[in-house]
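Asker: I would like the atomic coordinates for the input below:
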Amino acid sequence: MKMYEKAPAKINLMLDVLHKRADGFHEVEMIMTMVDLADRLELSELPRDTIIISSQAGYIPLDEKNLAFQAARLIKDRYNVKSGVHIHLDKRIPVAAGLAGGSSDAAATLRGLNRLWRLGIPAQELQELGAELGSDVPFCVTGGTALATGRGEKLTPINNPPQCWVVLAKPPINVSTAEVYGRVRSNNIAVHPSARKMQQAIEAGDFGGVCNHLGNVLEDVTLKLHPEVQQLKEAMIKLGADGVLMSGSGPTVFGLVSKQSKVARIYNGLRGFCKEVYAVRSLN
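Answerer: Now for the predicted structure:
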């Protein structure tokens, strides 16, 4: 028996860090949405009690360091499942890119195994399981668009933003989320993006307002560590993207584009100096 799941990438339309908590995590406020750049998972039931991960990508771990492996182990242990599973990951989302590729794979694994093993776990419970694996996993379980608070696991679903093209560009560097958050000093943040204004623009279907209220306080840290991210942002603005922001802790930069006629120019202009560029639609 086989199940197939799609694991889309997420982008942060706004990300604010409020303070560091007693448990070492940061209290955040984010609005996240999904784009049509996705990994695909094939989950096959095995008769023996084992978890096997395979992938066409040679650059990801295939053992317990992989979040999909951790998700499978968690669901097996928690629900006392004796069957095994072979999970094949067809990777399309860049790794360590600020796009929650690993988290989305874990979320897709939870959804897929819930169906494969007919466990009947409700979405809320799947999100709670996801929170044990990582802060972005609960959002990736249900997708859509959401306001996320706490360490990112407390979710309030909101409307999807107006549909548009999204051009994503990842420079050839990997960024450690832990290092970026470790360098954030919330009391030194000069300008905090407004979740309220972003949400109002989304609810009004105001594409210009969404572009005007993009903001990510982690940019200050990552741009200092990696000047090439700043260069990508400037290039994307110059090429005509309507709104440009770094996603998550980076290093991927995305541009929101309303007119399809602009997309090819932006894509080709970035491909001149950046290998990993994607032009996709927002997921509505």
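Asker: hang on, residue 65 in a helix?
Answerer: No: according to DSSP: H, G, I helix; E, B strand; the rest coil, residue 65 belongs to no helix; its state is coil.
Asker: ok, it - how many residues close by?
Answerer: Neighbourhood size, residue 65 [other Cβ atoms under 10 Å]: 11. Yep, even glycine has a C-beta here, placed from its N, CA and C like the rest.
Asker: same thing with residue 90?
Answerer: Neighbour tally, residue 90, other Cβ under 10 Å: 16.
Asker: for residue 112, same thing?
Answerer: The burial count for residue 112: 25, using other Cβ under 10 Å.
Asker: ok, residue 182 next?
Answerer: The burial count for residue 182: 12, using other Cβ under 10 Å.
Asker: quick one: pLDDT of it?
Answerer: Listed pLDDT for residue 182 reads 87.
Asker: relative to residue 148, how far out is it?
Answerer: 20 Å (Cβ to Cβ, to the nearest Å).
Asker: same thing with residue 164?
Answerer: Taken as Cβ to Cβ, the span from residue 164 to residue 148 is 21 Å.
Asker: what of residue 16?
Answerer: In terms of Cβ to Cβ, residue 16 sits 11 Å off from residue 148.
Asker: any shared contact partners between the two?
Answerer: Taking Cβ atoms under 8 Å, 6 or more residues apart in numbering as the contact rule, residue 16 and residue 148 both touch 28-30.
Asker: worst-scoring helix or strand of the chain, pLDDT-wise?
Answerer: Taking mean pLDDT, DSSP states H and E as the measure, the chain has helix 177-183 as its least confident helix or strand, at a mean of 88.
Asker: and it, what does it pack against?
Answerer: helix 219-225 (3 or more Cβ pairs under 8 Å, 6 or more residues apart in numbering; DSSP states H and E).
Asker: which residues touch residue 138?
Answerer: 107, 127-128, 130-131, 152-153, 155.
Asker: pick the one among the residues you listed closest to residue 229.
Answerer: residue 152 (21.3 Å; Cβ to Cβ).
Asker: which residue is the nearest non-sequential neighbour of the closest one?
Answerer: residue 135 (3.7 Å; Cβ to Cβ, 6 or more residues apart in numbering).
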